[in-house]
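Participant: Got a predicted structure here, sequence first:
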Amino acid sequence: MTKEFQIPEEVLKHPAWFRLQDQMKWYSKESAKNKQRYYQLKICQIILASLIPIISLSGYPITKLIMALFGAAIAIIEGIQQLLQYHSLWLGYRSTNEQLKHEQYLFLSLSGPYRNLNYEEGLLLLAERIEEHISKEHAKWVNTTNKVSEKRN
């Protein structure tokens, strides 16, 4: 029989706890959304690429046109993926969410950097560390966005 862990009321009402829960939810949702978009684009590319050799054997006059259209669609899909960076965003957001979860567990167990702190002191440190994780992810996002912009120019 397991006992559920009770989070103290002072923690639940603190802005740092609210921020942590809000950001974990946001990063989880955004990670899942970007993963889904990435998979959708890649699945389309795989299907189109797989159909090209099959269509090439049909011998119909329109075969060359269809193969050219499928090839162009594959290139367009890859261009969209490179431009919108779904794969990078998925991994970056997932990583940040996992870091925030890690921070939550360290705080709740009063271990790691929270060792020997009371909840009030721990909440102040938690607020600083949450913002540090979010700032690092934001800096990565800006860097990736700038690289994509440079490639387009």
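Facilitator: Happy to help now that I have it.
Participant: C-alpha only now, for contacts and for neighbours.
Facilitator: Noted.
Participant: Quick one: mean pLDDT over the helix of greatest length in the chain.
Facilitator: Longest helix in the chain by number of residues (criterion: DSSP state H): helix 15-56. Mean pLDDT, helix 15-56: 97.
Participant: Output the contacting helices and strands for that helix.
Facilitator: With contacts defined as 3 or more CA pairs under 8 Å, 6 or more residues apart in numbering; DSSP states H and E, the secondary structure elements packing on helix 15-56 are helix 63-84, helix 86-108, helix 119-152.
Participant: Identify each buried residue in the longest one, please.
Facilitator: Applying a neighbour-count criterion of 16 or more other CA atoms under 10 Å, the buried positions in helix 119-152 are Y119, G122, L123, L125, L126, A127, R129, I130, E131, I134, E137, W141.
Participant: just these now: which is nearest I46?
Facilitator: Nearest to I46 among these, counting by CA to CA, is W141 at 27.8 Å.
Participant: Show me what stretch 73-86 is in contact with.
Facilitator: For stretch 73-86, contacts defined as CA atoms under 8 Å, 6 or more residues apart in numbering pick out N34, K35, R37, Y38, L41, C44, Q45, L48, A49, H87, V148.
Participant: circling back to that earlier point, Throw the helices and strands packed on helix 15-56 into CSV and include mean pLDDT, thanks.
Facilitator: Converted to CSV, these look like this (pLDDT from 0 to 100):
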stretch, mean pLDDT
helix 63-84, 96
helix 86-108, 95
helix 119-152, 85
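Participant: would a markdown table of the ones you listed with distance to K25 be doable?
Facilitator: Rendered in a markdown table, the data for the helices and strands packed on helix 15-56 read as follows (distance: least, CA to CA, whole Å):
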| stretch | distance to K25 |
| --- | --- |
| helix 63-84 | 22 |
| helix 86-108 | 8 |
| helix 119-152 | 13 |
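Participant: Having no further points to raise, I will conclude here.
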